[in-house]
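Student: structural data only, the sequence is not supplied:
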DNA sequence: ATATTTTTTTAGACTAAACTAAAAATTACA
DNA sequence: TGTAATTTTTAGTTTAGTCTAAAAAAATAT
Ligand SMILES: [Mn+2]
Ligand SMILES: [Mn+2]
Ligand SMILES: [Mn+2]
Ligand SMILES: [Mn+2]
């Protein structure tokens, strides 16, 4: 059985590998808010367990085994987040810290039953795809709204990391994940987007457009 | 914030205080499957934090503060058990180990919302009362079936510790917690009880009667 | 190509929570 | 009441996971 700490490291490794092409000791330390020396210690242990490929001074990558564990933690995290929002009435922005604890509960049966109870959801409340029990995860064709030109369309799937307040704003504007969005016009002056969502015209600042994630069909 | 281990000790203390009038170091060690020396170490720490009254060689008791924490863990344990059975379809006998982990998740809001989601249940799936958020718990007027005489009545509230298989048996016989039970006849020869539950006559061995808990109205 | 800066690792320390073995206190009983 | 048995505590060890400070390696800049 893996410890909570090991699981958090593997998850961090996975997220960092997604975002950057090389994962350094310092980047892990930053991500987990720990000291690089602590990270080195843990990397040695994870390498010992064959969860990562690690050679000192050379950086790290998850092995197949390590990636599967990371994905199983992510699956649990996102299922619990879905539970908290859909069933317990939490807001989008409140669930992450709680799921950070719940993701470490050990019981295969629990997750199987939770998944069924939730109706086998494909996406979590932030629009992130939920890996299946075999660790398969949908690779999203994600774009930022700011990358679209006038008349292009997409489906709102989420917001960039660290912009929880944007979710709240969308909520207030009655914009939900899964809503279709179409660019009507882009103002040259300040990059403001005029878009249509649910037959309503809305105006989004450039900053919003830089943080709103869409799934597009190209 | 208290550690998982501290919480498990406080809960053990609470249960042992309920069952026996004095709580010894060895009884705690037995209960938690640990060595007495480990228990002594923890008792010192809990005394330091004013969760227990402890004087070496003199035994232990929970302070008001300690009892409140114990009850909050028990509340969480029983609410999670209720969730697992009522919502996720687990059986009575499967939920304890999982709740043993879930009870340590830290979030007031989570428990508040879970409680509402479950419809503010008063009893857990084993028939044990769920403490309220202020740590108030119903003192049950519990009896064993074997204590009843012919023609007396009660409501089935649970089974004694360590008799999970009895719950399964009751399940198979379509007997549920909350069902009313009336003693029809007690066979002198072997102490077998003939009882009526839901208009049906059932026969319970003496062993069953020694382990079946009822709420009575005396 | 060398020196400086940055990154990473090592060495050593600390805390929490467990353990074993031995000592001390308490309890039981002859 | 004194000895033996039992219970409890102490002393010292272990492991996991963190830290600080210093050393070593790698990357960058002159
Ligand atoms: Mn976590
Ligand atoms: Mn999420
Ligand atoms: Mn527990
Ligand atoms: Mn229970």
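Tutor: Structure received. Treat the numbers as computed from the prediction; the structure is a model and nothing was measured. Numbering: from 1, shown residues only, chains lettered A, B, ... in the order given. Ligands and ions are numbered 1, 2, ... in the order given.
Student: tell me who's in contact with the residue nearest to the spatial centre of chain A.
Tutor: Centroid-nearest residue in chain A: residue A:128, 4.9 Å away (criterion: C-alpha atoms, centre = their mean). Going by C-beta atoms under 8 Å, 6 or more residues apart in numbering or on different chains, residue A:128 touches A:78, A:158. Placement of C-beta: from N, CA and C, glycine included.
Student: distance of it relative to chain B?
Tutor: Using C-beta to the nearest C-beta, to the nearest Å, one gets 21 Å for the distance from residue A:128 to chain B.
Student: roughly how far does that residue sit from residue A:67?
Tutor: Distance, residue A:128 to residue A:67, by C-beta to C-beta, to the nearest Å: 17 Å.
Student: and residue A:203, bridged to which residues?
Tutor: Per DSSP bridges, the residues bridged to residue A:203 are residue A:194.
Student: what's the neighbour count on the residue of chain A found nearest DNA strand D?
Tutor: Proximity of chain A to DNA strand D (C-beta to the nearest atom of the strand) peaks at residue A:3, 2.9 Å away. For residue A:3, the neighbour count with other C-beta atoms under 10 Å in any protein chain shown is 11.
Student: residue A:107 now?
Tutor: 18.
Student: again with residue A:41
Tutor: Per other C-beta under 10 Å, the neighbour tally for residue A:41 reads 12.
Student: in a helix, it, correct?
Tutor: Yes: assessed by DSSP: H, G, I helix; E, B strand; the rest coil, residue A:41 belongs to a helix.
Student: tell me how far it lies from residue A:29.
Tutor: Computed with C-beta to C-beta, the distance linking residue A:41 and residue A:29 is 11 Å.
Student: quick check: phi and psi on residue A:52?
Tutor: Backbone torsions of residue A:52, given as degrees, to the nearest 10, read phi -140, psi 160.
Student: and it, bridged to which residues?
Tutor: When bridges are called by DSSP bridges, residue A:52 pairs up with residue A:62.
Student: test my guess that it contacts residue A:59.
Tutor: No: contact criterion C-beta atoms under 8 Å: residue A:52 and residue A:59 do not qualify, at 10.0 Å.
Student: higher neighbour count, the two?
Tutor: Per other C-beta under 10 Å, whichever of residue A:52 and residue A:59 has more neighbours is residue A:52, with 23 against 14.
Student: who does the longest helix along chain A touch, helix- and strand-wise?
Tutor: Assignment by DSSP state H gives helix A:64-86 as the longest helix of chain A. Helices and strands touching helix A:64-86, by 3 or more C-beta pairs under 8 Å, 6 or more residues apart in numbering or on different chains; DSSP states H and E, are helix A:4-19, helix A:95-102, helix A:108-117.
Student: in the next helix or strand after the longest one, what's buried?
Tutor: Read that as helix A:4-19. With elements assigned by DSSP states H and E, the helix or strand that comes after helix A:4-19 is helix A:25-32. Residues A:25, A:27, A:28, A:29, A:31, A:32 are the ones in helix A:25-32 that count as buried (16 or more other C-beta atoms under 10 Å in any protein chain shown).
Student: residues touching the first one, list them.
Tutor: Residues touching residue A:25, when contacts are defined by C-beta under 8 Å, 6+ apart, comprise A:36, A:39, A:40, A:43, A:59, A:60.
Student: now the buried members of those.
Tutor: A:39, A:43, A:60.
Student: state the pLDDT value of the first one.
Tutor: When you say that, I think you mean residue A:39. With respect to pLDDT, residue A:39 scores 98.
Student: helix/strand/coil for the residue in chain A sticking out farthest from the centre?
Tutor: Here the centre of chain A is the reference, and by C-alpha atoms, centre = their mean the most remote residue is residue A:189, at 32.8 Å. Secondary structure, three-state DSSP: residue A:189 is coil.
Student: do the same with residue A:143
Tutor: Here residue A:143 is recorded as strand under three-state DSSP.
Student: is it in a bridge, and if so with what?
Tutor: On the basis of DSSP bridges, residue A:143 is bridged to residue A:214.
Student: next, work out how far apart it and residue A:19 are.
Tutor: Applying C-beta to C-beta, the value for residue A:143 to residue A:19 is 16 Å.
Student: which one's more surrounded, these two?
Tutor: A side-by-side neighbour count of residue A:143 and residue A:19, using other C-beta under 10 Å, places residue A:143 first with 17 against 11.
Student: what ranges in chain A fall below the confidence cut-off?
Tutor: Within chain A, the ranges that satisfy pLDDT under 70 run A:217-218.
Student: for whatever residue of it ends up closest to ligand 3, which non-adjacent residue is closest in space?
Tutor: Of chain A, the residue with the smallest distance to ligand 3, taken as C-beta to the ion, is residue A:105 at 11.3 Å. Computed as C-beta to C-beta, 6 or more residues apart in numbering or on different chains, the closest residue to residue A:105 that is not its neighbour in sequence is residue B:101, at 5.0 Å.
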